[in-house]
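[1] sharing a model that was predicted from the sequence below.
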2 protein chains.
Amino acid sequence: MTKINQNYTELQGSYLFSEIAKRRTKFMQENPDAQIISLGIGDVTLGLPQAVVDAMHGAVDELAQSGSFRGYGPEQGYDFLINAIIEGDYKSRGIELNANEVFVSDGSKCDVGNIQEIFSQDAVVAVQDPVYPVYVDTNVMAGRSGKFNKETNQYENIVYLPSSAENLFKPSLPSRRADLIYLCYPNNPTGMTLTKEELKHWVDYAKANNSIILYDSAYEAFIREDDVPHSIYEIEGAKEVAIEFRSFSKTAGFTGVRCAYTVVPRELKALDENGNIIIVNDLWNRRHTTKFNGVSYVTQRGAAAIYSPEGKAQIAEILDYYMTNAAIIRDGLQSIGLEVFGGVNAPYIWLKTPQGLDSWSFFDKLLSEAHIVGTPGVGFGQSGQGYFRLTAFGSRENTEKAVERIRKLSL
Amino acid sequence: MTKINQNYTELQGSYLFSEIAKRRTKFMQENPDAQIISLGIGDVTLGLPQAVVDAMHGAVDELAQSGSFRGYGPEQGYDFLINAIIEGDYKSRGIELNANEVFVSDGSKCDVGNIQEIFSQDAVVAVQDPVYPVYVDTNVMAGRSGKFNKETNQYENIVYLPSSAENLFKPSLPSRRADLIYLCYPNNPTGMTLTKEELKHWVDYAKANNSIILYDSAYEAFIREDDVPHSIYEIEGAKEVAIEFRSFSKTAGFTGVRCAYTVVPRELKALDENGNIIIVNDLWNRRHTTKFNGVSYVTQRGAAAIYSPEGKAQIAEILDYYMTNAAIIRDGLQSIGLEVFGGVNAPYIWLKTPQGLDSWSFFDKLLSEAHIVGTPGVGFGQSGQGYFRLTAFGSRENTEKAVERIRKLSL
């Protein structure tokens, strides 16, 4: 009989969100009149900016006529979008990129999941802890994780970089050399950031150790403070050591529209087994063109509209709305003495659970006493134990109502 | 230094389409007045059906308002589309499927490229020859191919199933046991099909040998003859041995809109290393939800509209248009004595090159003497040598003009 990829048997159940749903459903059955507010999901709720809507309508009309129809486009994305990205997201910050260094895709989840495939199977992988589960799971599937240890709640061969209030969620450099280092800033789930100086330490480490940083900056649009880098390429020499992932999902409400991009600088090198130097950009290009067929033309037109003057203004307004929610949550929780992180340059608020409660006990308390659903920090990794994530993506009304309810709790 | 996936170094250059572009460009530079007609590309040219256009506009408007906004959807696709697929493509042919057996994606290229990942690295892979290059290349990337042999133009560990005029492009069963067998019907590039009886031989082989058939039926909508199966599940017991890939690309002009789906029946089993029986559907679900984030909502609404009465009628008209082109090419070539295959149940016409010319010599002759660009058969594999592919996706005017030009050639 045909055999499966045995590595899949090492995957742990995607326990977090199913367990949340289970507990929520049970509570609702027992308390049918409770008005539950969800501040748990990392999904946006406001409508698309008008400039995007107009561009998408225009693109649909183009596709309706054979004269203006567009079929297969370049797998890497249309020039009109790539040029807008380079101009709007990089050149404006003093970073030069060529068009062949930007790969448009249908989502950062796909890109951060697929990127590991172009590297060797024995590459040592380091991840922040707590962390977005896709980085770990895709390396488990590829056979890089080793066995799962139920006592430590961690994989044997993954290098974990613990983040907690003690180190202000700025993890130390890896304890042993890593080939691939996943960094996410502004961070999901903690909402914390690095300064340029702090990010430079990582670039320096990568250079000294010939490592590659996989830099997920899906939340860069939420950055409000000056000294926080939007791109890792703001750090000198980072092009030699880093791949950067960006998404339109949270920036422009594209979670249901699907568009992201990945930057692979031509300067980034790796070795083959015979010691030959390989341009990583060529490998990713080969993967992208072999296993992907480009993003919807309608979506790409919508994404390009984000960079128009109207698009920029409309997005700024949407981002302000969410970041005002973040401030409301942050201020509200702090006012009752909770220890709160994030929420300044990111739509995520990460709080230390009061009374020494573990993450799930706090989840139950919040659900049963305030009818609020959030996300237990331990779901993102062992170092998330004793923390809890709330998101700023709800409506203003629900956000304010939720904060009022939390204020009334005895914590 | 970080090492690459060494398997990538075994990939052969994607020579075919770049070489075509090079020769075409050179000819145009030397003959600037020539009116070149391309019957080479496998891309559609007519505009989207109006029902699809209307549905996509409606979806864009929904996304514009927070009340009707949709963010992340189910990675597997929305129920409204999955139910329409099951009803329209399967139940109508007497095939029962459950919603959790259908996975909506952004393209069959992605699905047929990614499917190998859930199987073991030492799985033996069989492909038809000539063949769509993605099946082979993605297995090379995964390390299943062995070395490329420049003399045979084939990979050592791939089992090739040669198709030619001698076997009417119906390859024999594999000479050694294969775990994964890629079959594509209606076939790209040959345009040929199997009868139900012939397809049953493959299902029987798979059952007897515990193999899995990866059945690519991206062109099923072009089938015109009664005894040609649209789905492999029309063959009894096929659910136990086959995964089926379908695409909206050619069916409804979605090459630039991006939507496809894959059926993985719950009956399909494989083994893990310890001999435990594993449900393949669970594995694919895990892959799909970990590395993919769903298809654009706008695209899914467009795809669902294909199954409305108006959508069906509009698509039938478009398919008729292309198949009339196919008949024009087929009849025209036959009338001057060429040996022609396909074009009856597929938009591809596969011809035996006249005068014993090899594929590239015929390409040059057609380009220089008739100003027509087609695709050399050898580009799809060694058994394609001495064959040539033309497609029915051009405009009627260009198709007729091209046939007239070919008629005038001395062949």
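    Ah, there it is. Numbers count the residues shown, from 1 in each chain, chains lettered A, B, ... in the order given.

[2] contacting residues around residue A:65?
    The contact partners of residue A:65, taken as C-beta atoms under 8 Å, 6 or more residues apart in numbering or on different chains, are residue B:47. Glycine gets a C-beta too; all of them are placed from N, C-alpha and C.

[3] next one: stretch A:290-308, is it in contact with chain B?
    Yes: for stretch A:290-308, a contact with chain B is found by C-beta under 8 Å from any C-beta of the partner chain, at A:290, A:291, A:292, A:293, A:294, A:295, A:296, A:297, A:298, A:299.

[4] against residue A:303, how distant is the closest residue to the last one other than its chain neighbours?
    With sequence-adjacent residues excluded and distances taken as C-beta to C-beta, 6 or more residues apart in numbering or on different chains, residue A:299 is closest to residue A:259, at 5.0 Å. The span separating residue A:259 from residue A:303 equals 5 Å under the rule C-beta to C-beta, to the nearest Å.

[5] who's more crowded, these two?
    Between residue A:259 and residue A:303, counted using other C-beta atoms under 10 Å in any protein chain shown, the more crowded position is residue A:303 (31 against 27).

[6] now, which of the residues of stretch A:290-308 next to chain B sits nearest residue B:153?
    For the residues of stretch A:290-308 next to chain B, the minimum distance to residue B:153 (C-beta to C-beta) is 18.8 Å, reached by residue A:290.

[7] my guess is residue A:407 meets residue A:329, correct?
    No: counting by C-beta atoms under 8 Å, residue A:407 does not reach residue A:329; the two are 11.2 Å apart.

[8] settle it for me: which of those two has more neighbours?
    Shown here are residue A:407 and residue A:329; by other C-beta under 10 Å, residue A:329 has more neighbours (27 against 13).

[9] do I have it right that the more buried one meets residue A:390?
    Yes: at 5.6 Å, residue A:329 counts as touching residue A:390 under the criterion of C-beta under 8 Å.

[10] okay, and the common contacts of these two?
    By C-beta under 8 Å, 6+ apart, the residues touching both residue A:329 and residue A:390 are A:39, A:349, A:402.

[11] what about those residues, which are in helices?
    Those of the shared contacts of residue A:329 and residue A:390 mapping onto helices are residue A:402, per DSSP state H.

[12] so for stretch A:281-297, what gets flagged as buried?
    Buried residues in stretch A:281-297, counted by 16 or more other C-beta atoms under 10 Å in any protein chain shown: A:281, A:283-297.

[13] give the rounded mean pLDDT of that stretch.
    The average pLDDT within stretch A:281-297 is 97.

[14] re the thing from before, report the set of residues contacting both of residue A:259 and residue A:303.
    Jointly contacting residue A:259 and residue A:303 under the rule C-beta under 8 Å, 6+ apart are A:104, A:248.

[15] that's a strand at residue A:95, yeah?
    No: going by DSSP: H, G, I helix; E, B strand; the rest coil, the assignment for residue A:95 is coil, not a strand.

[16] list the contacts for the residue in the stretch 301-411 of chain A positioned nearest to chain B?
    Closest to chain B within the stretch 301-411 of chain A is residue A:395: 7.6 Å, counting by C-beta to the nearest C-beta. Taking C-beta under 8 Å, 6+ apart, we find residue A:395 in contact with A:45, B:66.

[17] now swap in residue A:383 and tell me
    A:129, A:130, A:160, A:162, A:163, A:164.

[18] in a markdown table: those residues, plus distance to chain B, neighbour count and secondary structure.
    Output for the contacts of residue A:383, formatted as a markdown table (distance: C-beta to the nearest C-beta, whole Å; neighbours: other C-beta atoms under 10 Å in any protein chain shown; DSSP: H, G, I helix; E, B strand; the rest coil):
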| residue | distance to chain B | neighbour count | secondary structure |
| --- | --- | --- | --- |
| A:129 | 19 | 21 | strand |
| A:130 | 18 | 28 | coil |
| A:160 | 19 | 22 | strand |
| A:162 | 23 | 16 | strand |
| A:163 | 23 | 27 | coil |
| A:164 | 27 | 19 | coil |
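
[19] taking these together, which two end up most distant?
    Within those, two members stand farthest from each other by C-beta to C-beta: A:160 and A:164, at 11.9 Å.

[20] residue A:246 in helix, strand or coil?
    strand.

[21] list the contacts of the residue nearest to residue A:239 when sequence neighbours are not counted.
    Distance criterion C-beta to C-beta, 6+ apart; nearest residue to residue A:239, sequence neighbours excluded, is residue A:265 at 3.8 Å. Residues in contact with residue A:265, defined by C-beta under 8 Å, 6+ apart, are A:97, A:101, A:233, A:239, A:240, A:242, A:243, A:281.

[22] burial of the fourth one, as a residue count?
    If you count neighbours by other C-beta under 10 Å, residue A:239 ends up with 22.

[23] shouldn't it be within a helix?
    Yes: under three-state DSSP, residue A:239 sits within a helix.

[24] how about residue A:252: what's its closest non-neighbour residue?
    Nearest residue to residue A:252, sequence neighbours excluded (C-beta to C-beta, 6+ apart): residue A:306, at 5.0 Å.

[25] ok, now residue A:87?
    Closest to residue A:87 by C-beta to C-beta, 6+ apart is residue A:307, at 7.1 Å.

[26] got it, and residue A:396?
    With C-beta to C-beta, 6+ apart, the residue lying closest to residue A:396 is residue A:325, at 6.4 Å.

[27] thinking again about what came up before, quick one: the residue nearest to residue A:239 is in a helix?
    No: looking at residue A:265 with three-state DSSP, it is coil, so not inside a helix.

[28] give me every residue that touches the residue nearest to residue A:87.
    When contacts are counted by C-beta under 8 Å, 6+ apart, residue A:307 touches A:84, A:85, A:87, A:88.

[29] for those, which PyMOL command selects only the ones that are buried?
    To isolate the buried subset of these in PyMOL, counting by 16+ other C-beta under 10 Å, use the following:
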select buried, chain A and resi 84+85+88
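
[30] and the contacts of residue A:307, which two are furthest apart?
    Across those (C-beta to C-beta), the longest gap, 7.4 Å, separates A:85 and A:87.

[31] next, count neighbours for residue A:224.
    Applying other C-beta under 10 Å, we find 15 residues neighbouring residue A:224.

[32] hmm, it is touching residue A:346, no?
    No: applying C-beta under 8 Å as the test, residue A:224 and residue A:346 come out as separate, 9.3 Å apart.

[33] all strands for the stretch 1-150 of chain A, in order.
    Applying DSSP state E, counting those that start in this stretch to the stretch 1-150 of chain A gives strands spanning A:37-38, A:102-105, A:125-129, A:148-149.

[34] format those strands as CSV; extra columns: distance to residue B:44 and mean pLDDT.
    Shown next, in CSV, are the strands of the stretch 1-150 of chain A (distance: least, C-beta to C-beta, whole Å; pLDDT from 0 to 100):
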stretch, distance to residue B:44, mean pLDDT
strand A:37-38, 42, 95
strand A:102-105, 22, 98
strand A:125-129, 42, 98
strand A:148-149, 47, 96
